[in-house]
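Output the structure for:
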Amino acid sequence: MTSVDIAERDPEIFCEGLVRIFTVADIEVQALQGLDLVVGAGELVAVVGASGSGKSTLLSILSALDAPTAGKAVVAGRDLPSLSARERVAYRREVVGFVWQQTARNLLPYLTAEENVHLARAIGGDRSAPQRARELLDMVGVADHAGKRPAELSGGQQQRVAIAVALANEPRVLLADEPTGDLDEHTTAEVLETFRRVNRELGTTAVIVTHDPAVSEHVGRTIQIRDGRTATEVLRWTHTDVEGREHAMAEEFVVLDRVGRMQLPADYIDQLALRDRVRLRLEADHVGVWPGDRAPQQNDDEGEAS
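Numbers count the residues shown, from 1 in each chain. Down below sits the predicted model:
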């Protein structure tokens, strides 16, 4: 079963027509422009995009730190725009866990790794099973450093402790904002493998927001945001041939939103010099796209983007 099948069957995150408008000095900036997003329970998804694409705004809404201007956002059955202030606090304590790029937002510097996990569980209202903190640290591979404070840990170790803290109250959804932004390539791979292990062993739905396209190689589904809307998706899977050898496979799709809009890949637009108006022609099994100053011929496939 593919990630898309999971998402359509049992969505844990559902966004439809999501709009977020900020007003700065009487100027309106539209960070999200009708974004649609479906993430199934148990999926591990990367959301990528350039600076200003809207990915951080999306994460703020999913974490209930911000509210959309319009549209629908439902996470684990909670309709986020309708939550009261008290319900938003409970949502952040019980439903979602967070891993931020900055250590200062994840860990208290004067507590050890184990004490940070204990504190998160206490804040969530659970003071039972004190061994759970050590179990979580063991799951993320830093149990040997349970007695160390953040300053005594490497960047990768700090982020793995942060994942344990985020999981302290057994959230249904784990949200990560640039969790590998300050790490080298080797350490990035270790942290991403930790997300995969947590997703695989606990079944926790995880969304990693990043500007680094290399992160997509470690997840089954990558969603690209461009200009405040989901633009493309890349699905990755493993294919076993007749000789039993495994091959990594990937395919990119353009996302068609619920009102029929889609964003063509930038290299298609540049290569075909598509500007302003374009010509479309419906064929039996595809749609042809041509520059507006060129009339498509009956059997002309050259220059077609489908």
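
so which helix or strand takes in the closest residue to Ala146 other than its chain neighbours?
Excluding the flanking residues, the one nearest Ala146 by CB to CB, 6 or more residues apart in numbering is Glu114, at 4.1 Å. Where you see a C-beta, it was placed from the backbone N, CA and C, and this is true even at glycine. Glu114 belongs to helix 113-123 when assigned by DSSP states H and E.

quick one: buried residues of that helix?
Judged by neighbour count (16 or more other CB atoms under 10 Å), helix 113-123 contains these buried residues: Ala113, Glu114, Glu115, Asn116, Val117, His118, Leu119, Ala120, Arg121.

try stretch 75-90
Under the neighbour-count criterion of 16+ other CB under 10 Å, stretch 75-90 has Val75, Ala76, Arg78, Leu80, Pro81, Arg88 buried.

Which stretches in the protein count as strands?
When assigned using DSSP state E, the strands of the chain occupy the ranges 11-24, 27-40, 44-48, 70-75, 78-79, 96-99, 173-177, 205-210, 221-226, 229-240, 246-254, 278-282, 287-291.

Kindly state which of these is positioned closest to Ala143.
With CB to CB as the measure, strand 96-99 is the member of those nearest Ala143 (18.3 Å).

Quick one: low-confidence residue ranges for the stretch 151-300 of the chain.
Along the stretch 151-300 of the chain, segments meeting pLDDT under 70 span 297-300.

got a list of contacts for the helix ranked longest in the chain?
Looking across the chain with DSSP state H, the single longest helix is helix 185-202. With contact meaning CB atoms under 8 Å, 6 or more residues apart in numbering, helix 185-202 is reached by 42-44, 139-141, 154-156, 159-160, 163, 167, 170, 174, 176, 179-180, 183, 204-206, 208, 212, 214-215, 218-219.

switch to 6 Å and redo it
Defining contact as CB atoms under 6 Å, 6 or more residues apart in numbering, one finds that helix 185-202 is touched by Leu44, Val140, Gly156, Gln159, Arg160, Ile163, Thr180, Thr204, Ala206, His218.

Please spell out which residues along that helix are buried.
Residues of helix 185-202 classed as buried by neighbour count (16+ other CB under 10 Å): Thr187, Thr188, Ala189, Val191, Leu192, Thr194, Phe195, Val198, Asn199, Leu202.

again, but for stretch 16-29
Gly17, Leu18, Arg20.

Verify the contact between the second one and Pro68 for me.
So the one you mean is Leu18. Yes: between Leu18 and Pro68 there is a contact at 5.3 Å, judged by CB atoms under 6 Å.

so what's Ala76 closest to, chain neighbours aside?
Excluding the flanking residues, the one nearest Ala76 by CB to CB, 6+ apart is Arg172, at 4.5 Å.
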